[in-house]
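Participant: Give me coordinates for this.
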Amino acid sequence: MKLFAPILCYEHWWLYVLDVEKKHLFVLDSKNVESPIPERTEMNKFVSNILDQLMQWAGRGSMFKKGHTCLMLMYINVPQQPNTYDCAIFVMKWMEELDPTTLRESHAGTKADLDKFREKIVANILLSPENLMRMDVVTEVNEIRLIKPGAALRSPFTQIDSADLKTD
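Facilitator: This is a model prediction of the structure:
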């Protein structure tokens with residue numbers, strides 16, 4: 001079992017992944033391969049303690065190994081973001097991957113992969129049945145008389161009735 005804790009601090013997203021069975025805390029950061037500043041090291045310890053308390057509250061017992069005061073923390077060498085704004089995209093991609101130890105071989109850092117994943121996220125959000133504004137989006141597309149549905153509307157990750165996409 002893995003517990004994900006996405007963090008936003010100083011306008012940067014990164015992800016903590018707690019492996020409950022192994023009692024390891026992984027840090028996935030698209031800007032840093034180790035703790036960049038002392039305050040971040042303190043935050044790592046704080047998050048470790050919060051996650052340990054959460055596991056105790058859930059009846060799993062302490063995640064700390066005997067004689068330790070925090071979880072074993074490991075920065076995973078993941079692809080680094082090519083710009084200053086894609087950190088959230090990386091975090092969402094990592095949460096989809098589920099296993100932080102396999103991310104080293106991932107090609108999720110290329111511009112083409114990021115663009116494709118970004119398009120998938122937008123399509124999933126806009127066209128999700130849970131999106132209360134979904135029909136407004138479809139209506140808007142119809143109002144601008146889109147001849148062919150764009151790539152986002154043809155996404156295999158979304159399901160829209162053809163009746164929802166009437167075009168002239």
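Participant: from here on, contacts and neighbour counts on C-alpha atoms
Facilitator: OK.
Participant: Return the top helix by length along the chain as PDB; C-alpha atoms alone will do.
Facilitator: Using DSSP state H to define each element, the chain has its longest helix at helix 38-57. These are the backbone C-alpha positions of helix 38-57, laid out as PDB (Å, rounded to 0.1, in the frame of the first residue of the first chain):
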ATOM      1  CA  PRO A  38      17.800  23.200   5.600                       C
ATOM      2  CA  GLU A  39      14.200  24.200   5.800                       C
ATOM      3  CA  ARG A  40      13.300  21.500   3.400                       C
ATOM      4  CA  THR A  41      15.100  18.900   5.500                       C
ATOM      5  CA  GLU A  42      13.000  20.100   8.500                       C
ATOM      6  CA  MET A  43       9.900  19.800   6.400                       C
ATOM      7  CA  ASN A  44      10.800  16.300   5.400                       C
ATOM      8  CA  LYS A  45      11.000  15.300   9.100                       C
ATOM      9  CA  PHE A  46       7.700  17.100   9.800                       C
ATOM     10  CA  VAL A  47       5.900  15.300   7.000                       C
ATOM     11  CA  SER A  48       7.500  12.000   8.200                       C
ATOM     12  CA  ASN A  49       6.000  12.600  11.600                       C
ATOM     13  CA  ILE A  50       2.600  13.600  10.300                       C
ATOM     14  CA  LEU A  51       2.400  10.500   8.100                       C
ATOM     15  CA  ASP A  52       3.500   8.300  11.000                       C
ATOM     16  CA  GLN A  53       0.800   9.800  13.200                       C
ATOM     17  CA  LEU A  54      -1.800   9.200  10.400                       C
ATOM     18  CA  MET A  55      -0.800   5.500  10.100                       C
ATOM     19  CA  GLN A  56      -1.000   5.100  13.900                       C
ATOM     20  CA  TRP A  57      -4.500   6.700  13.900                       C
END
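Participant: so how far is it off the chain centroid?
Facilitator: Relative to its chain's centre, helix 38-57 lies at 19 Å (C-alpha atoms, centre = their mean, to the nearest Å).
Participant: in it, what's buried?
Facilitator: Residues of helix 38-57 classed as buried by neighbour count (16 or more other C-alpha atoms under 10 Å): 44, 45, 47, 48, 49, 51, 52, 53, 55.
Participant: If we only consider these, which is nearest to residue 132?
Facilitator: Among the buried residues of helix 38-57, residue 51 lies closest to residue 132 (C-alpha to C-alpha), at 33.2 Å.
Participant: Brilliant, that's me finished.
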